[in-house]
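**Student:** build me a model from this:
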Amino acid sequence: MPKLSLEESAKLNVKRLIDYSARKLFLQDYDAIYVQNVLLDALKLTEPSDLEVGKYEFYDVMNALSDYAVKKGIIEEPDKLLFETKLIGFCMPSPSSVIESFDDLARYSGTKSATDMLFKLGEDSAYLRRPDLDKNIIWEDDSPRGRVVITINLSKPEKTPEQVRLAKLAKGGYPKCMLCVENLGFAGNAAKPARQNIRIIPFELDGEKWFMQYSPYQYFEEHLIAVCEEHRPMCVTDATFRRMLDFLDMFPHYFIGSNAALPIVGGSILAHDHYQGGKKVLPVFERPNRRLFKVADLPEVNVSVVDWYNSIVRIASKNRKQALEAVNRFYKVWDNYDEPAQNILSHTEQNGERVQHNAITPIASINNDGEYEFNLILRNNRTDDAHPFGIFHPAVELHNIKQESIGIIEVMGLFILPGRLKAEADQMRDILTGKTPLDFEAIAKDEHPLHKHLGMITQLVVDNGTGISETKASEAITAYINNACEQILDTTAVFKNTNEGQEAFDKFIHTVIG
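**Tutor:** Here you go, the predicted structure:
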């Protein structure tokens with residue numbers, strides 16, 4: 001094909017986008033004519049291309065169209081992704097038609113077929129940007145104490161100073177947060193992403209209006225978010241557990257869980273009530289039970305302590321009513337449970353007001369025996385002078401690996417570490433191999449990029465020296481990170497994995513079951 005002018009190339013890429021949308025995004029014949037004209041207008045083109053579409057890659061087409069818009073002064077360079085999402089939004093089936101298709105599939109082929117369709121649409125529409133997600137570095141720590149999955153998140157790059165500046169200028173009150181239903185079709189700005197390509201599925205949970213969407217970050221397989229239509233704060237109550245089982249009755253192939261509704265032990269968005277779920281692939285689901293208990297007046301319920309780093313009460317039953325009753329008993333007792341010898345105080349007083357510290361992270365699923373199963377992770381967010389970041393939160397010496405709140409995903413055995421860690425690990429590897437001279441004085445300065453890793457580097461050098469192979473250096477760094485993640489999980493245990501800690505754990509359980 002001869003070299004095309006900028007305009008002719010843009011016209012051809014519009015035609016390719018139409019072709020792609022017809023094959024992947026359910027774009028129908030007459031809608032295709034309409035969308036073609038909308039796309040031409042958005043790109044200030046006067047007519048379509050008469051060339052054959054030929055071979056193309058979808059993301060190359062989108063990048064070429066946004067490049068064209070920049071060159072023609074239609075958009076600024078920082079707005080490329082917003083513009084690409086806008087163009088894809090023109091090609092998408094309407095939210096109501098997706099809901100109708102989802103409901104038809106669920107009715108005639110089951111909800112798994114329906115969620116398969118929704119997830120594939122998310123990938124095909126670049127709402128779930130697979131090329132970016134595939135950049136993430138993922139490995140497993142096969143510890144005998146429990147497998148831990150570790151991810152260095154490269155799909156969500158840290159903002160540049162200019163992007164931070166623009167985001168501050170763009171901040172507004174609409175939508176109220178990233179989870180609000182009003183994000184559906186939102187054009188986005190420097191502070192909030194465009195969402196013309198998101199599609200959601202509404203349903204009722206315990207008589208309330210909720211909806212489901214897939215997380216754009218996909219921290220694990222088919223990572224989803226169930227969101228309350230009402231913008232209200234996170235809150236774990238007895239209604240939470242009923243809603244979770246309602247969700248499982250519709251989607252038994254998924255799990256559903258809630259972050260604790262307190263800082264330090266909760267998630268990053270506490271302002272909007274929501275749950276997270278997806279495929280049952282996280283390590284905690286495969287862990288056996290350490291000890292089993294029965295509840296005299298709930299004969300169809302099995303209670304156990306899970307063999308895991310942190311403190312989990314597992315409740316399983318095919319009887320929905322009895323399962324909910326058992327969960328509520330544990331929740332209510334834990335809410336006010338004190339065990340000073342284990343540093344557990346359910347609440348303190350500050351300025352004459354009660355401050356709650358005990359919380360739970362509840363996770364519900366249908367297990368392999370067809371039972372409703374709750375994993376109740378016991379949490380506490382109290383701080384003191386010796387632990388200013390939290391008694392059950394990672395100590396300062398682990399903050400170079402993970403400082404943020406340890407939420408539902410981490411306590412289930414999946415660590416999402418910042419993208420900066422890749423470059424920093426590469427620099428530490430060069431020190432261990434001798435490629436970069438070791439200079440403790442320079443690293444000790446606050447402005448040095450490895451300053452936060454000074455303790456880690458010291459330990460690695462003591463253990464390995466500065467003349468090992470690249471393979472050995474990489475293995476040593478990985479082993480250090482693995483160990484740090486295990487220590488972080490241990491830290492979150494309110495009942496430690498010692499004889500004394502486990503005896504205290506049993507005491508708590510017997511307080512509930514009698």
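
**Student:** any idea which element the spatially closest residue to residue 341 that is not a sequence neighbour lies in?
**Tutor:** In this structure, residue 341 finds its nearest non-sequential neighbour in residue 504, 6.9 Å apart by Cβ to Cβ, 6 or more residues apart in numbering. For every residue, glycine as well, the C-beta is placed using N, CA and C. If you go by DSSP states H and E, residue 504 is part of helix 499-513.

**Student:** quick one: mean pLDDT over that helix.
**Tutor:** Here helix 499-513 scores 98 as its mean pLDDT.

**Student:** and what of stretch 445-452?
**Tutor:** Per-residue pLDDT over stretch 445-452 has a mean of 95.

**Student:** where are the low-confidence patches of the protein?
**Tutor:** Scanning the chain with the threshold set as pLDDT under 70 gives 1, 157-171.

**Student:** about what we covered before: pull out the buried residues from the helix holding residue 504.
**Tutor:** 501, 502, 504, 505, 508, 509, 512, 513 (16 or more other Cβ atoms under 10 Å).

**Student:** same question for stretch 119-130.
**Tutor:** Buried-residue list, stretch 119-130, by 16+ other Cβ under 10 Å: 119, 121, 122, 124, 125, 126, 127, 128, 129.

**Student:** if we can go back for a sec, what's the closest of the buried residues of helix 499-513 to residue 284?
**Tutor:** If you rank the buried residues of helix 499-513 by distance to residue 284 using Cβ to Cβ, residue 505 comes first, at 16.4 Å.

**Student:** so who does that closest one touch?
**Tutor:** Shown in contact with residue 505 (Cβ atoms under 8 Å, 6 or more residues apart in numbering): 305, 311, 495.

**Student:** do residue 299 as well
**Tutor:** By Cβ under 8 Å, 6+ apart, the contact list for residue 299 reads residue 322.

**Student:** surely it forms part of a strand?
**Tutor:** Yes: counting by DSSP: H, G, I helix; E, B strand; the rest coil, residue 299 is found in a strand.

**Student:** let me see the contact set for residue 247.
**Tutor:** Here residue 247 is in contact with 205, 226, 254, 256, 275, 277, 364 (Cβ under 8 Å, 6+ apart).

**Student:** correction: the previous question concerned residue 443.
**Tutor:** Contacts for residue 443 (Cβ under 8 Å, 6+ apart) come out as 450, 451, 453, 454, 457.

**Student:** out of those residues, what pair is the most spread apart?
**Tutor:** Spanning the widest gap among the contacts of residue 443 are 451 and 457, at 9.9 Å by Cβ to Cβ.

**Student:** neighbour count: those two, which is higher?
**Tutor:** Neighbours per residue, other Cβ atoms under 10 Å: of residue 451 and residue 457, the larger number sits with residue 457, 22 against 14.

**Student:** that one is in contact with residue 450, isn't it?
**Tutor:** Yes: if you go by Cβ atoms under 8 Å, residue 457 and residue 450 touch, sitting 6.5 Å apart.

**Student:** is it true that residue 180 touches residue 231?
**Tutor:** Yes: the pair residue 180 / residue 231 is scored as a contact, 5.5 Å apart, by Cβ under 8 Å.

**Student:** give me the common contacts of those two.
**Tutor:** Overlap of the contact sets of residue 180 and residue 231 (by Cβ under 8 Å, 6+ apart) consists of residue 272.

**Student:** that's a strand at residue 59, yeah?
**Tutor:** No: secondary structure of residue 59 (three-state DSSP): helix, not part of a strand.

**Student:** what kind of secondary structure is the residue lying closest to it once chain neighbours are set aside in?
**Tutor:** In this structure, residue 59 finds its nearest non-sequential neighbour in residue 131, 5.7 Å apart by Cβ to Cβ, 6+ apart. Secondary structure, three-state DSSP: residue 131 is helix.

**Student:** count the neighbours of residue 131 for me.
**Tutor:** Neighbours of residue 131 (other Cβ under 10 Å): 11.

**Student:** next, give phi and psi for the nearest residue to residue 113 once chain neighbours are set aside.
**Tutor:** Nearest non-adjacent residue to residue 113, counting by Cβ to Cβ, 6+ apart: residue 105, 4.9 Å away. Dihedral angles of residue 105 (phi, psi; degrees, to the nearest 10) stand at phi -60, psi -40.

**Student:** distance of the residue nearest to the spatial centre of the chain relative to residue 86?
**Tutor:** Central residue of the chain (Cα atoms, centre = their mean): residue 219, 4.8 Å from the mean position. Residue 219 sits 26 Å away from residue 86, taking Cβ to Cβ, to the nearest Å as the criterion.

**Student:** ok, now residue 402?
**Tutor:** 36 Å.

**Student:** which of the residues in stretch 69-89 are buried?
**Tutor:** Buried residues in stretch 69-89, counting neighbours by 16+ other Cβ under 10 Å, are found at 69, 75, 79-89.

**Student:** re the thing from before, the buried residues of stretch 119-130 in helices, which ones?
**Tutor:** Among the buried residues of stretch 119-130, the members found in helices (DSSP state H) are 119, 121, 122, 124.

**Student:** can you give me the strands in the stretch 401-514 of the chain?
**Tutor:** Under the criterion DSSP state E, counting those that start in this stretch, the stretch 401-514 of the chain contains strands at 414-418.

**Student:** helices of the stretch 101-250 of the chain, start to end?
**Tutor:** In the stretch 101-250 of the chain, the segments counted as helices under DSSP state H, counting those that start in this stretch are 111-124, 130-133, 161-170, 238-250.

**Student:** hmm, residue 414 is touching residue 146, no?
**Tutor:** No: under the criterion of Cβ under 8 Å, residue 414 makes no contact with residue 146, lying 11.8 Å away.

**Student:** now do the shared contacts for those two.
**Tutor:** Joint contacts of residue 414 and residue 146 (Cβ under 8 Å, 6+ apart) are residue 283.

**Student:** now do the contacts for the residue nearest to residue 282 when sequence neighbours are not counted.
**Tutor:** Closest residue to residue 282 apart from its sequence neighbours, by Cβ to Cβ, 6+ apart: residue 412 at 4.2 Å. By Cβ under 8 Å, 6+ apart, residue 412 lies in contact with 257, 282, 283, 284, 285, 363, 377.

**Student:** switch the cut-off to 7 Å
**Tutor:** When contacts are counted by Cβ atoms under 7 Å, 6 or more residues apart in numbering, residue 412 touches 282, 283, 284, 363.
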